[in-house]
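K.L.:
What shape does this take:
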Amino acid sequence: MGTAENQLYLTIIFLSIGMVVIFLVLMMLLLHLQQRRFNHQRNIYQREVELLSLEQHRISVDIHDEIGSTIHLAFRQVEAALEKRGDSETLLTAARENLTDAYMRISQITANMVDEHIGNIGLKQSIKQLVSRYQQLYQFDIHYTYCSEVELTEIQTIQLYRMVQELLHNTFLHSQGTTVKIKVLTLNRELLMWYEDDGMPSQKVRKPDGRGLLNLERRAVLLGGRCSREGKKYSYLIKIPLKNDHDRPTRFTNRSHQNYRC
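P.N.:
Residues are numbered from 1 along each chain as shown. All right, here's what the predicted structure looks like:
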């Protein structure tokens, strides 16, 4: 009887030890998963902070390079008109045009800062309005095509819009071309955004905000996607994974998006 009781006690002890070990393993796994989740969230927040900093830098560059120089030129034109150093009417007309351009640019910058508005009207209309504003200010042909019925999240909409904004900003700041092509479509459960202009491909001047692909790559990574430069032209392809099945099925290659028609 004593032997049976000893065996029972030993069995209970071993089972207890086993349960404690299993509990400890599960706790370690749980802590590990929580740590991974925390690190993932921290990386996302860190990227968002970096992107906000880059966005502030881009806005300051816009104000300094474009608005500041335009207002300074208008000031010099008014000054010359008052000092009779030329035809006053011509100088004042030119100054008024420069001040009008500065006002429109300020309106454009402030409108681009309102993320809530961008999220409400969607990516298609946001890019359309952005393209319209640039066409009013610059003598460029912008061919914009949007071939997707997928409903994007707010963060996807805002980040993709910022990518187009940054690319356009760089094009009109440095490019010597005349044509821009923007195409957005869905292929194989991915949202593809293709951007190209026919300007100078010089590596010295064709870098968004002086950082090359860095800004675009960070935004793409934030959405779980990727950004790549195609060929020798100023051409970029951005791919963002989609979590729904509303995109149209195709068997196109990665290069076929350039010839795709809605």
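
K.L.:
contacting residues around L191?
P.N.:
Neighbour list for L191: 148, 150, 152, 156, 160, 184-185, 225, 239-242, 247 [criterion: CB atoms under 8 Å, 6 or more residues apart in numbering]. For the C-beta atoms, the positions are set from N, CA and C on the backbone; glycine is no exception.

K.L.:
Could you identify the helix or strand that succeeds the longest helix seen in the chain?
P.N.:
Counting residues, the longest helix found in the chain (DSSP state H) is helix 2-62. Next helix or strand after helix 2-62 toward the C-terminus (DSSP states H and E): helix 69-82.

K.L.:
which helices and strands does that following helix pack with?
P.N.:
When contacts are defined as 3 or more CB pairs under 8 Å, 6 or more residues apart in numbering; DSSP states H and E, helix 69-82 sits against helix 88-112.

K.L.:
Can you tell me what sits against the helix it packs on?
P.N.:
By CB under 8 Å, 6+ apart, the list of residues contacting helix 88-112 from outside reads 59, 62-63, 66-67, 70-71, 73-75, 77-78, 80-81, 117, 129-130, 133, 136-137, 165.

K.L.:
Would you show me how to pick out the buried ones of the residues you listed in PyMOL?
P.N.:
Command for PyMOL that selects the buried part of the contacts of helix 88-112, burial taken from 16 or more other CB atoms under 10 Å:
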select buried, resi 62+66+67+70+71+73+74+77+78+80+81+129+130+133+165
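
K.L.:
for the stretch 101-250 of the chain, what are the low-confidence residue spans?
P.N.:
For the stretch 101-250 of the chain, the stretches with pLDDT under 70 are 111-116, 137, 200-213, 231-233, 244-250.

K.L.:
where along it do the helices fall?
P.N.:
Per DSSP state H, counting those that start in this stretch, the stretch 101-250 of the chain carries helices over the ranges 115-137, 154-174, 214-222.

K.L.:
Switch the ones you listed over to JSON lines; also include distance to V21.
P.N.:
Below are the helices of the stretch 101-250 of the chain laid out as JSON lines (distance: least, CB to CB, whole Å):
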{"stretch": "helix 115-137", "distance to V21": "50"}
{"stretch": "helix 154-174", "distance to V21": "42"}
{"stretch": "helix 214-222", "distance to V21": "39"}
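
K.L.:
got the contact list for L51?
P.N.:
The contact partners of L51, taken as CB under 8 Å, 6+ apart, are 159, 162, 215, 218-219, 222.

K.L.:
10 Å - rerun?
P.N.:
Residues in contact with L51 (CB atoms under 10 Å, 6 or more residues apart in numbering) are 158-159, 162, 215, 218-219, 222.

K.L.:
again, but for Q136
P.N.:
Q136 neighbours (CB under 10 Å, 6+ apart): 101, 104, 108.

K.L.:
how close does the first one sit to Q129?
P.N.:
With distances taken as CB to CB, to the nearest Å, D101 is found 18 Å from Q129.

K.L.:
Repeat that for the last one.
P.N.:
Between Q108 and Q129 the distance is 10 Å, computed by CB to CB.

K.L.:
on that earlier part again, which one of the contacts of L51 is nearest I22?
P.N.:
Closest to I22 out of the contacts of L51 is L222 (38.3 Å), distances taken as CB to CB.
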